[in-house]
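J.: Requesting a structural model of the entry that follows:
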Amino acid sequence: MKVYIEIVILDNLVATSCIAALSYASLGIRVSVFRTALAAISGTIVSLSYPYWNMPIVLVIIARLAIGCALGVILFLGLEKTVVGVLVFLLQTCLVGGICYFAAGFFAGGERAYIPYALPSCVAALAFFGLRGIIRLTSAKRTQAGYKYDVAVTIRGRTAAMKGYLDTGNSLSDDVTRLPIVIVKLSSLDAAFGRSVVAGSITGCKRITTVGGRGKIFLIRPDEFRLYSTAVGNKHRDVMLGVAENGFARREDILLNPSVIGG
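T.: Okay, the predicted model is just below:
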């Protein structure tokens, strides 16, 4: 079997770099380009000697674990999670290696298995980009959760529970009462109170400008507006409801005014 040294070097560089980045991402640590490059180059140089090792398999395993620990130290020495980082890097290296050997054995069909070129780097890259996507998704959801609130709106003696989302760009206020305006979907009010109650509660209108252009909202002053949040407790605020006929893109019922949160 011919061995192309350029491909082996590139494969090791990519695989080690991806596993290093994967380890950083797993622990929520920003990737150190310098440490990653140093670990990848060091691991690649050492790996070139593997074909010349002539020792029992037990010693080979111990030696490779020691090399993995050394690369982990390069990546995490001096950081808060040094020991955990080394163990995570070692575990993920073993995982990627195990997947590669399993795939090689599976496709070999009982013959002596050789790990195909680029398989380690492909497995490591898929693991890295997959985990990074999951981390970004969960991070975005966690961030958005801080902007979501449960709201209770009372109109003409009837109270309805709704979902609110903090719109940091909403600085609207009523020209007459000077109260902050929260934008509410007409469809949400119709479902909660009925069209006749909504229409009968309108006290005025206001023209607004949004990213979609100029528009108009109808104003309703509710009997009560209560905001629920474990962070700030329950808040009762005087607000004006700005009823948007065409709604808005978010799934929540209400776009909250920041002054409602802080007041």
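
J.: same for the lowest-mean-pLDDT helix or strand in the chain, what does it pack against?
T.: In the chain, the helix or strand scored least confidently by mean pLDDT, DSSP states H and E is strand 235-236, which has a mean of 71. Judged by 3 or more Cβ pairs under 8 Å, 6 or more residues apart in numbering; DSSP states H and E, the packing partners of strand 235-236 are strand 224-228. Placement of C-beta: from N, CA and C, glycine included.

J.: For the strand it packs on, output the C-alpha coordinates as PDB.
T.: The C-alpha coordinates for strand 224-228 follow below in PDB (Å, rounded to 0.1, in the frame of the first residue of the first chain):
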ATOM      1  CA  GLU A 224     -55.100  46.100  33.600                       C
ATOM      2  CA  PHE A 225     -51.800  45.000  32.100                       C
ATOM      3  CA  ARG A 226     -49.700  42.600  34.200                       C
ATOM      4  CA  LEU A 227     -46.300  41.300  33.400                       C
ATOM      5  CA  TYR A 228     -44.900  38.000  34.800                       C
END
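
J.: model confidence over that strand, on average?
T.: Across strand 224-228, the average pLDDT comes to 89.

J.: now the residue lying farthest from the centre of the chain: how far from residue 65?
T.: Ranked by distance from the centre of the chain (Cα atoms, centre = their mean), the top residue is residue 54, with 46.3 Å. Going from residue 54 to residue 65 by Cβ to Cβ, to the nearest Å gives 19 Å.

J.: ok so, going back, what helix or strand does the residue farthest from the centre of the chain sit in?
T.: Take DSSP states H and E as the rule and residue 54 turns out to sit in neither a helix nor a strand.

J.: Distance of it relative to residue 237?
T.: Computed with Cβ to Cβ, the distance linking residue 54 and residue 237 is 78 Å.

J.: and if you look at residue 78?
T.: To residue 237, residue 78 is 49 Å away according to Cβ to Cβ.

J.: higher neighbour count, those two?
T.: Neighbour count, other Cβ atoms under 10 Å: between residue 78 and residue 237, residue 237 has more, with 16 against 7.

J.: Cheers, nothing more for now.
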